[in-house]
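Engineer: Return atomic coordinates for the entry below.
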Amino acid sequence: MYNNYTLDMDKLPKELILIFEIIKADSDDSILFKNRNLFLDIDWDYFLKLVNHHQIYPFIHSKLKTLDVGWIPSYVTQYLNQEYKRNTFQMLQLSGEMEQLSVLFAQNEIRLLFLKGPVIALDIYGDISLRTSKDLDILIPILDLEKAEELLLNLGYEREEDDFVLNQRKWKSRHVTYFHPQKGIELEIHWRLNPYPTKEPSFNELWQNKRVSTFSNPVYFLGEEHLFLFLVSHGARHAWFRLRWLLDIDQMLRKGMDQYKVKSYLKKYQGLHIGGQVLILASQLLNTPIHEELQFLTTGNRPKKLAQYALLFIKEMLPLNLIASTNKYRFYIFSLKTSYLQKVSHIILLLYPSSMDVRTLRLPKSLHVLYFPLRPFLWITRKVRKSVRYK
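Structural biologist: Numbering: from 1, shown residues only. Here you go, the predicted structure:
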């Protein structure tokens, strides 16, 4: 089965096209050497903004070192080298903290799975310096949340103020954020991989299929196919606005996985459409090979439309908080919903009070039920304040 759908890339900036070509180039690839037109009239400052926004500067740095293209200004390569070194130091710091947390949680009989960070950088790229991570994300059973928080507070972490209202944590949240002021490390504790009511593997299933990373102390993380499922759902939910997530998928598919398991998990957890979306994006933007077993995912209108929609967010170079406030993102998120339950739940949760409502208008706990009728007015208030702020 062959996917003959072509993404509309006419309006992509040439700097982004160049980034795609650099990612696709092999170490012995002569295309970049011969096609000097790719490097003509490039706004190199904008090029650097793009690689920073998409958090792929260490990978681009490693590619350009291998390709040794002579048409790139020296200040560009120097900047990439500087950021590569800074990222390597940060990843080493996160690695040390990751191992410490792994040992501490094991000693206190809390099952812990690392979702992102150095552990997946090593697994996917074979080198922690080739991927960026701003924090550590861990998954634990929700029943161990209070116990885990006590351990973190004793280590010097501080919990980010969350202003949960009307049991919002259960219905609208899936993680808590902590920050260590001395170490400058941010940590997220998750009890779900995805927002409610998305269908997902249980913690026990994930634990039974876990892998052990090759750090000096045992570090547990997701099995290969579960990691792929998680990264696909995470990237789709964020509209793939960072190329780093797409590059992760590209590298995983090039390494090879059990394609039958991938297909089975995507079907079981209602992810066939987002699997098709990412395969179209990866194959057309990064030349990612698609295994024959998965090619059927790229057929049909839904994955094609989702892929084209994601391309809009990839090129815009906006932070997630600004993307999430747009109507086109809200429409995109709703279009990801598969089942009737997901669509109805999504609409209900939009009407459910949030911590933003609490920060907009403080009410005593006994009056929190009033946030339901007040929510539309509080939303308008935030919009008005935002428009005035940016005038």
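
Engineer: and the top helix by length along the chain, what does it pack onto?
Structural biologist: For the chain, the longest helix by residue count, based on DSSP state H, is helix 74-107. Other helices and strands packing on helix 74-107, by 3 or more C-beta pairs under 8 Å, 6 or more residues apart in numbering; DSSP states H and E, are helix 44-53, helix 57-67, helix 118-125, strand 135-139, helix 145-155, strand 185-190, strand 219-221. (C-beta placed from N, C-alpha, C; glycine too.)

Engineer: again, only using 6 Å
Structural biologist: The contact analysis (3 or more C-beta pairs under 6 Å, 6 or more residues apart in numbering; DSSP states H and E) places helix 74-107 against helix 57-67, helix 118-125.

Engineer: now it and helix 44-53, what's the angle there?
Structural biologist: Helix 74-107 runs at 10 degrees relative to helix 44-53, counting by axes from the mean of the first three to the mean of the last three C-alpha atoms, to 10 degrees.

Engineer: Helix 74-107: which residues count as buried?
Structural biologist: Within helix 74-107, the residues that count as buried by 16 or more other C-beta atoms under 10 Å are 76, 79-80, 83-84, 87, 90-91, 94-95, 97-99, 101-102, 104-105.

Engineer: swap in stretch 210-226?
Structural biologist: 210-211, 213, 215, 219-226.

Engineer: List every C-alpha atom in stretch 146-164, with coordinates, as PDB.
Structural biologist: Listed next in PDB are the C-alpha coordinates belonging to stretch 146-164 (Å, rounded to 0.1, in the frame of the first residue of the first chain):
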ATOM      1  CA  GLU A 146       1.500  11.800  48.600                       C
ATOM      2  CA  LYS A 147       4.400   9.600  49.600                       C
ATOM      3  CA  ALA A 148       6.400  10.700  46.500                       C
ATOM      4  CA  GLU A 149       5.700  14.400  47.300                       C
ATOM      5  CA  GLU A 150       7.000  14.000  50.900                       C
ATOM      6  CA  LEU A 151      10.300  12.500  49.500                       C
ATOM      7  CA  LEU A 152      10.700  15.400  47.100                       C
ATOM      8  CA  LEU A 153      10.000  18.100  49.700                       C
ATOM      9  CA  ASN A 154      12.600  16.500  51.900                       C
ATOM     10  CA  LEU A 155      15.100  16.700  49.000                       C
ATOM     11  CA  GLY A 156      14.500  20.500  48.700                       C
ATOM     12  CA  TYR A 157      11.900  20.500  45.900                       C
ATOM     13  CA  GLU A 158       9.000  23.000  46.100                       C
ATOM     14  CA  ARG A 159       5.600  22.300  44.600                       C
ATOM     15  CA  GLU A 160       4.300  24.700  42.100                       C
ATOM     16  CA  GLU A 161       1.100  26.400  43.200                       C
ATOM     17  CA  ASP A 162      -1.700  24.700  41.400                       C
ATOM     18  CA  ASP A 163      -4.900  26.300  42.700                       C
ATOM     19  CA  PHE A 164      -7.000  23.100  42.100                       C
END
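
Engineer: quick one: low-confidence ranges for the stretch 101-250 of the chain?
Structural biologist: Scanning the stretch 101-250 of the chain for pLDDT under 70 picks out 162-173.

Engineer: quick one: pLDDT of F296?
Structural biologist: Looking at F296, its pLDDT stands at 94.

Engineer: just the strands in the chain please.
Structural biologist: Here the chain has its strands, by DSSP state E, at 113-114, 135-139, 158-159, 175-180, 185-190, 211-213, 219-221.

Engineer: Out of these, the one nearest I72 is which?
Structural biologist: Each of the strands of the chain has some distance to I72 by C-beta to C-beta; the shortest is strand 135-139, at 31.1 Å.

Engineer: Export that closest one to CSV, keeping only CA atoms.
Structural biologist: Extracted C-alpha coordinates of strand 135-139, given in CSV (Å, rounded to 0.1, in the frame of the first residue of the first chain):
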residue,chain,number,x,y,z
ASP,A,135,13.0,18.9,33.0
LEU,A,136,12.4,15.3,34.2
ASP,A,137,9.1,13.6,33.7
ILE,A,138,8.2,10.6,35.8
LEU,A,139,5.2,8.3,36.1
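
Engineer: partners of it, with directions?
Structural biologist: Strand 135-139 has its sheet partners listed here by DSSP bridges as strand 113-114 (antiparallel), strand 185-190 (parallel).

Engineer: OK, contacts around L152?
Structural biologist: Applying C-beta atoms under 6 Å, 6 or more residues apart in numbering to L152 gives the contacts Y178.

Engineer: Distance-wise, check it relative to L187.
Structural biologist: Here L152 is placed at a distance of 7 Å from L187 (C-beta to C-beta, to the nearest Å).

Engineer: One more: G223?
Structural biologist: Computed as C-beta to C-beta, the G223 to L187 distance reads 22 Å.

Engineer: returning to what we had before: what do L152 and L187 both touch?
Structural biologist: Y178.

Engineer: Tell me how many other residues surround P376.
Structural biologist: 10 (other C-beta atoms under 10 Å).

Engineer: Report the separation between it and T360.
Structural biologist: 12 Å.

Engineer: just how off-centre is stretch 236-250 within its chain?
Structural biologist: Computed by C-alpha atoms, centre = their mean, to the nearest Å, the chain-centroid distance of stretch 236-250 equals 6 Å.

Engineer: just the CA coordinates of it, formatted as PDB?
Structural biologist: What follows is stretch 236-250, C-alpha atoms only, in PDB (Å, rounded to 0.1, in the frame of the first residue of the first chain):
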ATOM      1  CA  ALA A 236      -0.100  15.100  18.400                       C
ATOM      2  CA  ARG A 237      -1.700  16.700  21.500                       C
ATOM      3  CA  HIS A 238       0.900  19.500  21.200                       C
ATOM      4  CA  ALA A 239       0.300  19.800  17.400                       C
ATOM      5  CA  TRP A 240       4.000  18.800  16.800                       C
ATOM      6  CA  PHE A 241       4.900  22.400  17.200                       C
ATOM      7  CA  ARG A 242       8.500  21.300  18.100                       C
ATOM      8  CA  LEU A 243      10.400  19.300  15.500                       C
ATOM      9  CA  ARG A 244      12.200  17.600  18.400                       C
ATOM     10  CA  TRP A 245       9.300  15.300  18.900                       C
ATOM     11  CA  LEU A 246       9.000  14.400  15.200                       C
ATOM     12  CA  LEU A 247      12.800  13.800  15.100                       C
ATOM     13  CA  ASP A 248      12.300  11.300  18.100                       C
ATOM     14  CA  ILE A 249       9.800   9.400  16.000                       C
ATOM     15  CA  ASP A 250      12.000   9.400  12.900                       C
END
